[in-house]
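Novice: Sequence first, then the predicted structure:
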Amino acid sequence: MALMPKRVKHRKSQRGRIKGSATRGNTVVFGEWGLQATQPGHISATTIEACRIAANQYIRGDGKLYIRIFPDKSVTARPLETRMGKGKGEPDHWVAVVRPGTVLFEIAGASRDAARDCFNRVAHKLPVRVRFVERRPIG
């Protein structure tokens, strides 16, 4: 089951632009290793679910996966072969808006090599470029 909000204030949202870098959610907080976006983009709920399954199949209970993004923006679509000028389409799917620097996934309780291999599998499913990051020591 793909992620989506329980309820929203407005069903339909405008597309908008993704400007600037992430100022929040840009550090590894929950785990030791993270996957950080280096490009802006939209990641659909089905893509997040596919990444979750791929990561959980790889770590197999040796570590814990944290998903740091949530698809809370609706994307509308018109039916195929519909003429122009009949208004905005109905909500089709949900996406997470990702800015450069956003940490998408984190892993705790796994070795560096295992986390790198796991995130390598996940990165192939993502529509944005990503990089492997580690937790910075506090102080």
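Specialist: Yes, it's here. None of the values given here were measured: they were computed from a predicted structure. Numbers count the residues shown, from 1 in each chain.
Novice: in this structure, which ranges drop under the pLDDT threshold?
Specialist: Applying pLDDT under 70 to the chain picks out residues 139.
Novice: could you pull out the strands for it?
Specialist: Along the chain, the stretches classed as strands by DSSP state E are 33-37, 41-44, 64-67, 73-77, 90-98, 103-108, 130-134.
Novice: among the ones you listed, which is nearest residue 6?
Specialist: strand 90-98 (11.8 Å; CB to CB). Every residue, glycine included, has its C-beta placed from N, CA and C.
Novice: now for the closest one, which elements pack on it?
Specialist: Judged by 3 or more CB pairs under 8 Å, 6 or more residues apart in numbering; DSSP states H and E, strand 90-98 is in contact with strand 41-44, helix 45-59, strand 73-77.
Novice: contacting residues for residue 103?
Specialist: Applying CB atoms under 8 Å, 6 or more residues apart in numbering, we find residue 103 in contact with 25-29, 34-37, 68, 133.
Novice: go on, residue 30?
Specialist: Counted by CB under 8 Å, 6+ apart, residue 30 has contacts 66, 68, 106, 108.
Novice: neighbours of the closest residue to the third one other than its chain neighbours, just the number please.
Specialist: Right, the one you point to is residue 106. Leaving aside its chain neighbours, residue 106 sits nearest to residue 31 (3.5 Å; criterion: CB to CB, 6 or more residues apart in numbering). When neighbours are defined as other CB atoms under 10 Å, residue 31 has 21 of them.
Novice: and what of residue 24?
Specialist: With other CB under 10 Å as criterion, residue 24 counts 8.
Novice: For it, give me phi and psi.
Specialist: Per-residue torsions, residue 24: phi -120, psi 150 (degrees, to the nearest 10).
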